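A.B. asks: Provide a 3D model corresponding to the input given below.
(2 chains)
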Amino acid sequence: MSAVRGPLPEIRRELEEPVRPSPQADASKPVVIELDDVWLSFDRPVLRGVNLVVREGETVVVLGESGSGKSTILKLIMRLLVPDRGRVCVFGRDIVGLDFEAALEVRKHIGMVFQYAALFDSLTVYENVAYPLRENTDLPEEAIYPVVRERLEFVNLDPDRVMSQLPGELSGGMRKRVGIARAIAANPDIILYDEPTAGLDPLAVDAIVDLTRKLQRELGVTSIVVTHDIRAGFRVADRVDLLRDGRIVFEGTPEQMVAADDPYIRAFLG
Amino acid sequence: MGRFVAAIDTWMRNAALGVQEYFVLGQRAVRFVAARPFYGADVLVQMDRIGVGSIPIILLTGLFTGMVLALQSSVELGRFGAEIYLGSLVGASMVRELGPVLSALMVAGRASSGIAAELGSMRVTEQIDAMETMGTDPIKKLVTPRLLAGITMLPLLTIVADAIGIIGGLVIAVFRIDLPADIYLRGVWQSFAASGYVLGVFPRDFVSGLLKPVVFGAIIALTGAYYGLTATGGTEGVGMATTRAVVTASILILGTDYFLTQLLLVVLPPPGL
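C.D. replies: All right, here's what the predicted structure looks like:
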């Protein structure tokens, strides 16, 4: 099995620099997301007894090779999937048994950034960012407009330039930033990132990482970042979970992961 | 042998599951018709795409069908000196069967494939997942407006096809077989009158010819939506969903037409039956 490799010495150097956000994880803070012994199979087992706890304000990065089940965890938290066994709790409420309408209510508290942004390609950038506000609030259009502008400015986009554009007219990095603006439009308590840096050039990766840290710092949201981009993941993580063949084989800080002696972790970090 | 039986078993299970999912989709789409929020603007957009966008193809289909029907019928009727019945034959054929069925098949080819391609692309690019994560039920937002557009626009398109088909027959009657226009049109009207009236006002053929397209419109919208929403595997999956939507919708339209005709003969029996 080929592991995704990253340049370990450079990662070590980056970890020594005081650029990472200070860990917001605090055992006294309430648990926001909990996966308890979660099993899920499709044609083959995808998750095999996954346990994961995320506390308020914490940023947990789930690392793993392609096909290891990382994105499946996000879909379980959004209740786009239901596990074969185990509990998935959001704000202490088990969402596995919820009906469709109740699940929609839970989702309104969660923003999700998709791997390829998943913007509605028939809607303009403005309409995309305004979408969750139009759908889930009674705000009039005069109130939505300034929120959309503010969110686009937050993700370092020029509202006057991009608002009337269609997603197809934007670069990959810009699309991703619009996706983040849409995810935070309705002030969610939780943000889930699915491969936020996939397919981006290094400068765009830096911009997305900076943006993720800005969200942590300024909004204090609880975040789960699923990625196989080790360097980007370490730069935003309070805590790292490493998924291998449907099981979490490591949990700790980025520093602890870099210092680990486990052969698989060494191979994974390169 | 055991493997063959297992394959048959799996195929039948999947087919049964597919039928179940199809009806659940239809049931939920209908349930959301009266549920808030209403996506009125989306309904209008779909009425434009499915209805107004299909008018050119319906005009051409109706016109040439009426002309060919008149041309072929005139040969047979001419052997018995019965050309004066051409209007009755064209009118009854267009309004009872050809108008509803051909309109539905043409719109199925155009709209069912379009719906499957659009929703399939949204599915494989995670746009439908995104919609769900933002608290929107994709069936309410995407399927119900298309269902409403289908069941309202298909009857209107059928009226257009019926009318233009009868006009096509008129053109052949007047310019090809020298049948006076008033005789042809009287024949059309007599065929309606002979089929009896519903509520004493509406010609039976006309009513039955407009009830069928309501069902066909639902089939077109739901079949396209079903295959689009269940598309997997990237662009190839979208292509397969599109093909399956057209084939399945066409077969369902033809099969349903038979059963609806049987049903309407019982519910709205013509005089003397």
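A.B. asks: part of a strand, is A:Ile248?
C.D. replies: Yes - assessed by DSSP: H, G, I helix; E, B strand; the rest coil, A:Ile248 belongs to a strand.
A.B. asks: so what's it closest to, chain neighbours aside?
C.D. replies: Counting by C-beta to C-beta, 6 or more residues apart in numbering or on different chains, A:Asp241 is the residue found nearest to A:Ile248 once chain neighbours are left out, at 5.1 Å. Where you see a C-beta, it was placed from the backbone N, CA and C, and this is true even at glycine.
A.B. asks: how close does the one you found get to chain B?
C.D. replies: Separation of A:Asp241 from chain B (C-beta to the nearest C-beta, to the nearest Å): 21 Å.
A.B. asks: Are we agreed that that residue is in a strand?
C.D. replies: Yes - applying three-state DSSP, one finds A:Asp241 inside a strand.
A.B. asks: where does chain B come near chain A, residue by residue?
C.D. replies: Contacts of chain B with chain A, taken as C-beta under 8 Å from any C-beta of the partner chain, map to B:37, B:122, B:125-127, B:129-137.
A.B. asks: Now tabulate the residues you listed in TSV and tack on secondary structure, distance to B:Ala193 and neighbour count.
C.D. replies: Below are the residues of chain B next to chain A laid out as TSV (DSSP: H, G, I helix; E, B strand; the rest coil; distance: C-beta to C-beta, whole Å; neighbours: other C-beta atoms under 10 Å in any protein chain shown):
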residue	secondary structure	distance to B:Ala193	neighbour count
B:Pro37	coil	47	11
B:Met122	helix	49	24
B:Thr125	coil	55	20
B:Glu126	coil	57	21
B:Gln127	helix	53	24
B:Asp129	helix	56	20
B:Ala130	helix	56	25
B:Met131	helix	51	20
B:Glu132	helix	54	22
B:Thr133	helix	58	28
B:Met134	coil	56	24
B:Gly135	coil	55	19
B:Thr136	coil	51	22
B:Asp137	coil	48	18
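A.B. asks: Could you dump those residues into TSV and include distance to A:Arg48?
C.D. replies: Output for the residues of chain B next to chain A, formatted as TSV (distance: C-beta to C-beta, whole Å):
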residue	distance to A:Arg48
B:Pro37	41
B:Met122	32
B:Thr125	29
B:Glu126	25
B:Gln127	30
B:Asp129	24
B:Ala130	28
B:Met131	30
B:Glu132	26
B:Thr133	25
B:Met134	31
B:Gly135	31
B:Thr136	32
B:Asp137	32
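A.B. asks: Which strands or helices does the helix or strand encompassing A:Asp36 pack on?
C.D. replies: For A:Asp36, the host element (DSSP states H and E) is strand A:31-41. Applying 3 or more C-beta pairs under 8 Å, 6 or more residues apart in numbering or on different chains; DSSP states H and E, we find strand A:31-41 packed against strand A:45-55, helix A:70-77, strand A:85-90, strand A:222-227.
A.B. asks: Would you quantify the distance from the residue in the stretch 1-150 of chain A that chain B sits nearest to to A:Ala185?
C.D. replies: Per C-beta to the nearest C-beta, A:Ala118 is where the stretch 1-150 of chain A lies closest to chain B, at 4.0 Å. The gap separating A:Ala118 from A:Ala185 is 14 Å, by C-beta to C-beta, to the nearest Å.
A.B. asks: Then A:Glu142?
C.D. replies: 16 Å.
A.B. asks: any idea how far B:Leu252 is from chain A?
C.D. replies: 27 Å.
A.B. asks: Next up, the contacts around that residue.
C.D. replies: B:219, B:223 (C-beta atoms under 8 Å, 6 or more residues apart in numbering or on different chains).
A.B. asks: Now do the buried residues in the helix or strand harbouring it.
C.D. replies: Per DSSP H and E, B:Leu252 falls inside helix B:234-267. For helix B:234-267, a neighbour-count test (16 or more other C-beta atoms under 10 Å in any protein chain shown) marks B:237-238, B:240-242, B:244-246, B:248-250, B:252-253, B:256-257, B:260, B:264 as buried.
A.B. asks: Would you map the strands across chain A?
C.D. replies: A:31-41, A:45-55, A:59-64, A:85-90, A:93-94, A:110-113, A:190-194, A:222-227, A:239-244, A:247-252 (DSSP state E).
A.B. asks: Sorry, slip of the keys, the one I care about is the stretch 151-273 of chain B.
C.D. replies: B:197-198, B:202-203 (DSSP state E, counting those that start in this stretch).
A.B. asks: Now do the last one, average pLDDT.
C.D. replies: Across strand B:202-203, pLDDT averages out at 82.
A.B. asks: The residue most central in space within chain A: what's it in contact with?
C.D. replies: Nearest to the mean C-alpha position of chain A, by C-alpha atoms, centre = their mean, lies A:Tyr193 at 1.9 Å. For A:Tyr193, the contacting residues are A:112-113, A:212, A:223-227, by C-beta under 8 Å, 6+ apart.
A.B. asks: Try it again at 7 Å.
C.D. replies: Applying C-beta atoms under 7 Å, 6 or more residues apart in numbering or on different chains, we find A:Tyr193 in contact with A:113, A:212, A:223, A:225-226.
A.B. asks: Going by distance to chain B, which of these wins?
C.D. replies: A:Val113 (9.7 Å).
A.B. asks: neighbours around the closest one, how many?
C.D. replies: 30 (other C-beta atoms under 10 Å in any protein chain shown).
A.B. asks: thought it was touching A:Ile184?
C.D. replies: No - assessed by C-beta atoms under 7 Å, A:Val113 is found out of contact with A:Ile184, at 9.1 Å.
A.B. asks: how much space between the residue nearest to A:Ile248 and A:Val178?
C.D. replies: 28 Å.
A.B. asks: ok, the closest residue to B:Leu59 other than its chain neighbours - contacts?
C.D. replies: If the residues on either side of it in the chain are set aside, B:Leu59 comes closest to B:Ile164, at 5.5 Å by C-beta to C-beta, 6+ apart. B:Ile164 is in contact with B:59, B:62-63, B:66, counting by C-beta under 7 Å, 6+ apart.
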